[in-house]
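Student: Give me a model of this one.
(chains A and B)
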Amino acid sequence: AQTVTQSQPEMSVQEAETVTLSCTYDTSESNYYLFWYKQPPSRQMILVIRQEAYKQQNATENRFSVNFQKAAKSFSLKISDSQLGDTAMYFCAFMTYIQGAQKLVFGQGTRLTINP
Amino acid sequence: NAGVTQTPKFRVLKTGQSMTLLCAQDMNHEYMYWYRQDPGMGLRLIHYSVGEGTTAKGEVPDGYNVSRLKKQNFLLGLESAAPSQTSVYFCASSFRQGRNIQYFGAGTRLSVL
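Tutor: As a prediction, the model looks like this:
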């Protein structure tokens, strides 16, 4: 069974600093997708970034980038120039397929606080 | 665009009561999902649907039933609520093909006393 582990329950940084959230996963599949979702206090799950396992190039979305190490099964999220609005729970997720449908397996989450 | 809409947003039930959570999406997605989120844990898949009239069990299906009579709607039912079903419930939807991105509703906070 696939598992996703986020080893940092909470993190806190000052505004404008760079922060890296860790994620490791376990799978025997070779083709899959990885995601980072953000959940602010509003509770809405918001997609931050997506990575295809067959692509070696790390995904980037503005201030957000990932360090994808397929052999190590590691998928960390880097937030540059952090902003107060980045305060949220961040979930790493692995996508596999179940009977033709897409199944997301989530980590436990990291609570990130950006301090002014 | 409304995206994925869940109703209600909050609900309190007594043990043994029943209720239905409604999920509606306006993006013409084929796939729809129900997840639950408990403290200290990520979201876990309850049931999912790959199309109108089809449903299947996810990781934690016990105590729940679902129906998808229309492509845009996915209903989650609790026939006899238990305190263990106190949770936040999320609906999501996605295209069958494409970028494999699931879009989430805002969640329903359910308390069972």
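Student: Could you list the contact residues of chain A toward chain B?
Tutor: Proximity of chain A to chain B is confined to A:4, A:33, A:35, A:37, A:42-47, A:50, A:91, A:93, A:95, A:98-109 under the rule C-beta under 8 Å from any C-beta of the partner chain. Any C-beta I mention is one placed from the backbone N, CA and C, and that applies to glycine too.
Student: repeat that with 6 Å
Tutor: Proximity of chain A to chain B (C-beta under 6 Å from any C-beta of the partner chain) is limited to residues A:33, A:43-45, A:91, A:95, A:99-102, A:106-109.
Student: residue ranges for the strands of chain B, please.
Tutor: Here chain B has its strands, by DSSP state E, at B:4-7, B:10-13, B:19-25, B:31-37, B:43-51, B:54-57, B:65-67, B:73-78, B:87-94, B:103-104, B:108-112.
Student: now the top strand by length along chain A, how far from the centre of its chain.
Tutor: Using DSSP E, we find that the single longest strand of chain A is strand A:88-98. How far strand A:88-98 lies from its chain's middle: 7 Å, per C-alpha atoms, centre = their mean, to the nearest Å.
Student: Can you spell out which helices and strands pack onto whichever helix or strand comes after that strand?
Tutor: Sequence-wise, the next helix or strand downstream of strand A:88-98 (DSSP states H and E) is strand A:101-106. Counting contacts by 3 or more C-beta pairs under 6 Å, 6 or more residues apart in numbering or on different chains; DSSP states H and E, strand A:101-106 packs against strand A:88-98, strand B:43-51.
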